[in-house]
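J.: take a look and give me a structure for this.
(chains A and B)
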There are 2 protein chains.
Amino acid sequence: MGEWRLRREDVEDIVVGAAIMGTGGGGDPYIGKLMVIQVLERGAEVVLVDPRDVGDDSFIIAPAFMGAPVTMFEKLPSGRESVKVVEMLESYLGRRADYLTPIEAGGLNSTIPLYVGGLTKRRLVDGDGMGRAFPELQMVTFHLYGVSATPMAIADEKGNGAILDTVDNYWAERLARILTVRMGGWASIAIYPMDGRVYKEAVVPNTISKALEIGRALREAKAAGRNPVDAVLDVTGGYRLFEGKIVDVSRWVEAGFARGEVTIEGFGDYKGKTMKVKFQNENLVAEVEGEVVASVPDLISILDLETAEPITTERLRYGYRVTVIGMPCDPKWRTPKALEVVGPRYFGYDIDYVPIEERVKRLGVTG
Amino acid sequence: MGEWRLRREDVEDIVVGAAIMGTGGGGDPYIGKLMVIQVLERGAEVVLVDPRDVGDDSFIIAPAFMGAPVTMFEKLPSGRESVKVVEMLESYLGRRADYLTPIEAGGLNSTIPLYVGGLTKRRLVDGDGMGRAFPELQMVTFHLYGVSATPMAIADEKGNGAILDTVDNYWAERLARILTVRMGGWASIAIYPMDGRVYKEAVVPNTISKALEIGRALREAKAAGRNPVDAVLDVTGGYRLFEGKIVDVSRWVEAGFARGEVTIEGFGDYKGKTMKVKFQNENLVAEVEGEVVASVPDLISILDLETAEPITTERLRYGYRVTVIGMPCDPKWRTPKALEVVGPRYFGYDIDYVPIEERVKRLGVTG
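T.: Sure thing, here's the model as predicted:
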């Protein structure tokens, strides 16, 4: 309960923790970190509020980046576009947002609302619409609770912008995605305008606090000479799924998404085995020797073996020594209706979703 | 000067005349005719005003269809989308349009503003932004006079809509085009919101009257047993460029445009010669035996040999016996700046623009 102010020293921890929750997507943590530090150094206050303290009639907007993260290295976001989309949407709806919320957890998409909120004196809610990252706009808990993604605003760094108003959230995804592609690979969006009543019901709560807790545990473990991956697993209730060296990464940008597959050759306990992780912006399915060990909507993150720093899908490279971890998703994603939206079959994999707790039990993995 | 009311018996003439001015594009005349007749039969009044009588401070919007006309046969427009985009744009700008204007001359795009105007009690201006049809949004005289295409509204028949606000008119074209493609091939737009002062300066005036005059001359010539093509040439100051039979049509939809080329084998005075007409929604360049006889921005129209009925590019078929005519464009299109926007080089042809009057003199064609 209550509200808290973001401290400079928390930024690094939040960004690292959010990137781990971002399962390879959610945007580049380095860009996200720079943006929030910049706004704090200008003397702005970033105020976070517990979802339970959000008034029923308050008005909430989610600013985010959309598109293939890899394209962000070619044209860097300035942050101005993110302020612009929030103001465009407010102007269109004739109402100022009382709060901003992250739409997802991720190195950039957890932090961009902090940046905009700090810069424009709007408070943030400590929660988001996924508790992880997903590649498509309708893949948010807000969608499961009937919130319309539109009216939404979308803008590029050149000054082009649009307001979209669609018949459903899948059409919002389609039209925004094609605009994102035409705008150069990524765009800023402000989306899911909603009131506090539905927000409180639909949100995955306290995910900024959670990111902070994960990042801090990781940092403190390293400082104390303990294994940082173990620290992350303790805090998240996750499982160590694999350790090895990346021997192949194939990737392609397809219909506005960064798609691909990474192949990891095991060592240590995993010697002689091969893991493949398939991704679409985010890691979706992890297999060892062809057997699925984790799948969406559960979280799959690839961490540096030594430092436990998360590696986003666009930064995966041959030769990296990594630990792959799996973490249970928020229970809101495990209903039949939710699995139609984000289960493995939606992404084209002919497998049933089995909660990671059961998968690892079958495989004899210990948390 | 003054204003006049559209009569039921004028509709057919306007649609035929506008389709001839539409140079193969501007949308299907048959669909355009049905829409206007429908609104008149509901008892609505369609009031047209001379551009000189438009007040400086009045507010004007251009509704139109955008996209590859061939896709309209698969999903027919209902007209509702066209009312919706006008209202969306008005609502976004907080101002009701005093007048609607056609953006171009063409069987559908000349008539859709008449339909919307009649249905929603908005008056029409007798003029448009081309005096012909062109395939891209920036190819209007309004653009030459510095008017911004945006804010613009775009919507499909399913209920999806967007407001675009871009840094220039080329970006409006790019983003609207890709949305049009995603929306299924065509979309309704409301565009170029502007005041009466700039409109009067930029418009190609009295093009609805002109279409009516062309269509009427054609019909009366047929009734009197005179050659209807001659009647069209008299009224437009145009030239008979070729007569023959269509022996090949190649076409493809590319980046939202209907592109293609039609090959015509001459007969009569043209026996032994072949004409090729290249099109992108509209007819762009006509060549006889490899020599250019007419090019954008001058008008090239393909008419049925017997009836002089215009044939839009999507209706061109093997075996049709046709007359190809050329007509001089409005002088606004003949400046160096305008030729950068709509000259043959913009469309990828490595030729200089030569006014049709000079081309036909060289070739010994008589009007």
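
J.: let me know the pLDDT of the residue of the stretch 1-150 of chain A at minimum distance from chain B.
T.: Going by C-beta to the nearest C-beta, chain B is nearest to A:Tyr92 of the stretch 1-150 of chain A, at 7.3 Å. Just so you know, the C-beta spots here come from the backbone N, C-alpha and C atoms, and that holds for glycine as well. Here the pLDDT value assigned to A:Tyr92 is 96.

J.: and the residue lying farthest from the centre of chain A, what helix or strand is that in?
T.: For chain A, the largest distance from the centre (C-alpha atoms, centre = their mean) belongs to A:Gly272, which lies 32.2 Å off. A:Gly272 belongs to no helix or strand when assigned by DSSP states H and E.

J.: what sits against it?
T.: Residues in contact with A:Gly272 (C-beta atoms under 8 Å, 6 or more residues apart in numbering or on different chains) are A:Gly266.

J.: mind checking how far it is from A:Gly244?
T.: Going from A:Gly272 to A:Gly244 by C-beta to C-beta, to the nearest Å gives 10 Å.

J.: intersection of neighbour lists for the two?
T.: Counting by C-beta under 8 Å, 6+ apart, the residues touching both A:Gly272 and A:Gly244 are A:Gly266.

J.: quick check: the residue farthest from the centre of chain A vs chain B, distance?
T.: Noted for A:Gly272: a distance of 47 Å to chain B, by C-beta to the nearest C-beta, to the nearest Å.

J.: cool, A:Ser188 as well?
T.: 14 Å.

J.: excluding its backbone neighbours, what's nearest that residue?
T.: The shortest distance from A:Ser188 to any residue other than its chain neighbours is 3.8 Å, reached at A:Glu81 (C-beta to C-beta, 6 or more residues apart in numbering or on different chains).

J.: for the one you found, pull up the helix or strand it's in.
T.: helix A:80-93.

J.: check the offset of that helix from the chain's centre.
T.: Distance of helix A:80-93 from the chain centroid (C-alpha atoms, centre = their mean, to the nearest Å) equals 22 Å.

J.: quick one: that helix to helix B:80-93, angle?
T.: With axes from the mean of the first three to the mean of the last three C-alpha atoms, to 10 degrees defining the directions, helix A:80-93 sits at 110 degrees from helix B:80-93.

J.: which residues touch helix A:80-93?
T.: Residues outside helix A:80-93 that contact it (C-beta under 8 Å, 6+ apart): A:61, A:63, A:65, A:96-97, A:100, A:112, A:115-116, A:119-120, A:122, A:151-157, A:161, A:163, A:187-191, A:193, B:92, B:163.

J.: just checking, which of these belong to strands?
T.: Among the contacts of helix A:80-93, the residues falling in strands (DSSP state E) are A:61, A:63, A:65, A:100, A:152-155, A:161, A:163, A:187-191, A:193, B:163.

J.: just checking, what packs against the longest strand seen in chain A?
T.: Secondary structure of chain A per DSSP E: the longest strand is strand A:239-254. Contact here means 3 or more C-beta pairs under 8 Å, 6 or more residues apart in numbering or on different chains; DSSP states H and E; on that basis strand A:239-254 packs against helix A:228-236, strand A:257-266, strand A:274-280, strand A:282-288, strand A:291-295, strand A:321-327, helix A:356-363.

J.: same list, these, but as CSV with distance to A:Pro51 and mean neighbour count please.
T.: Formatted as CSV, those follow (distance: least, C-beta to C-beta, whole Å; neighbours: other C-beta atoms under 10 Å in any protein chain shown):
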stretch, distance to A:Pro51, mean neighbour count
helix A:228-236, 20, 20
strand A:257-266, 30, 21
strand A:274-280, 29, 22
strand A:282-288, 24, 25
strand A:291-295, 28, 22
strand A:321-327, 21, 23
helix A:356-363, 25, 16
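
J.: sweet, I'm off.
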